[in-house]
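Student: heads up, no residue letters with this:
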């Protein structure tokens, strides 16, 4: 019997992307609610109880409501909101975070799907903190740019309207300059960082794609923290990963003058690069991902596959551009 899947919030940005990835899956049955019933509590409760696995693509408060509606059922849940990402009662759905994480996800009843920015940040710094190449109290600065789809339907409509009807005409802008972005606590909890980093997010006039950059002054990190050590730790961490690519040092020269945040769009890949200048004793860690792929919908499907005992790459086989 095919597993039944319900996407609660399937008309939102992430929900549409997940549905697109699942609609051709002959191994799954998708539960759809008619438009008028999508906000009806009784209809949602029935769908949540009918499903073997539900994916919540909802605002935080509505996601919490959905978890309550599912009480009393055996339904497995993936929550794509920020509501449960730092909760000890939920398994964090970043399979590549550790060797044990895929096993934890596969046996979990409730999985919190990571945020797009935290996925890039955790991928870059968690292995380095674990290897003690970066102290967990080191004052990091994190610079990131996302495609405008990361802001959901509201930002999409404002960017595509430009100056009309309250639209945004800028081709690039920074935001959250009060240094209180809601993803920072998630980054800290799952990377092992104990001191709040400075996180500087921005948005470019491209629909999807993301690049996270973390500069490091090596002279501030001690003698054992050098380019080779950083590369080797990251390369070893993702050596057997299906979806995280660590770029070889000899391949970096073609990207030093143009690194594209859209490079891995429409895939579930996360691309890690370590750029360095030995003369200046400086390194920049870079993660590229599709904010709607490995940063949202693709990762949710990867988690779904693990939770259902299916090969984690099912439905996620697109290859990145060179």
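Tutor: Noted; the coordinates are in hand. Computed from a prediction, not measured in an experiment: that's the story for all the values here.

Student: Now the helix or strand of the chain at the bottom of the mean pLDDT ranking: buried residues?
Tutor: Least confident element among the helices and strands of the chain, by mean pLDDT, DSSP states H and E: helix 152-161 (a mean of 89). Buried residues in helix 152-161, counting neighbours by 16 or more other CB atoms under 10 Å, are found at 155-156, 158-159. For glycine as for every other residue, the C-beta is placed from the backbone atoms N, C-alpha and C.

Student: out of those residues, who's nearest residue 300?
Tutor: Using CB to CB, residue 156 is the member of these that lies nearest residue 300, at 19.1 Å.

Student: do you know how far the spatially closest residue to residue 76 that is not a sequence neighbour is from residue 268?
Tutor: In space, and not counting its chain neighbours, residue 76 is closest to residue 53: 4.4 Å by CB to CB, 6 or more residues apart in numbering. As judged by CB to CB, to the nearest Å, residue 53 and residue 268 stand 18 Å apart.

Student: and those two? which has more neighbours close in?
Tutor: residue 268 (27 against 19; other CB atoms under 10 Å).

Student: How about the contacts made by residue 65?
Tutor: The contact partners of residue 65, taken as CB atoms under 8 Å, 6 or more residues apart in numbering, number zero.

Student: and it, what helix or strand is that in?
Tutor: helix 60-69 (DSSP states H and E).

Student: Also residue 303?
Tutor: Residue 303 belongs to helix 298-307, assigned by DSSP H and E.

Student: what's that helix in contact with?
Tutor: With contact meaning CB under 8 Å, 6+ apart, helix 298-307 is reached by 5, 14, 17-18, 21-22, 53, 55, 76, 78, 80, 93-95, 102, 105-106, 108, 111, 113-114, 119, 243, 267-268, 290, 292-293, 310-316.

Student: before we move on, the earlier item: farthest-separated two in the buried residues of helix 152-161?
Tutor: Among the buried residues of helix 152-161, the pair separated by the greatest distance (CB to CB) is 156 and 158, which sit 7.4 Å apart.

Student: hey, what's in contact with both of those two?
Tutor: By CB under 8 Å, 6+ apart, no residue touches both residue 156 and residue 158.

Student: Please pick the buried ones from the contacts of helix 298-307.
Tutor: 5, 14, 17-18, 21-22, 53, 55, 76, 78, 80, 93-95, 102, 105-106, 108, 111, 113-114, 119, 243, 267-268, 290, 292-293, 310, 312, 314-316.

Student: what about stretch 189-200, start to end distance?
Tutor: Start to finish, the residues bounding stretch 189-200 are 18 Å apart (CA to CA, to the nearest Å).

Student: Off-centre distance for stretch 4-19?
Tutor: 16 Å (CA atoms, centre = their mean, to the nearest Å).

Student: Then stretch 180-200?
Tutor: So, by CA atoms, centre = their mean, the centroid of stretch 180-200 is 14 Å from its chain's centroid.

Student: what's next to that stretch, contact-wise?
Tutor: 82, 85-86, 92, 94, 97, 114-115, 117-118, 121-122, 125-126, 129-130, 136-144, 174, 176-177, 179, 201.
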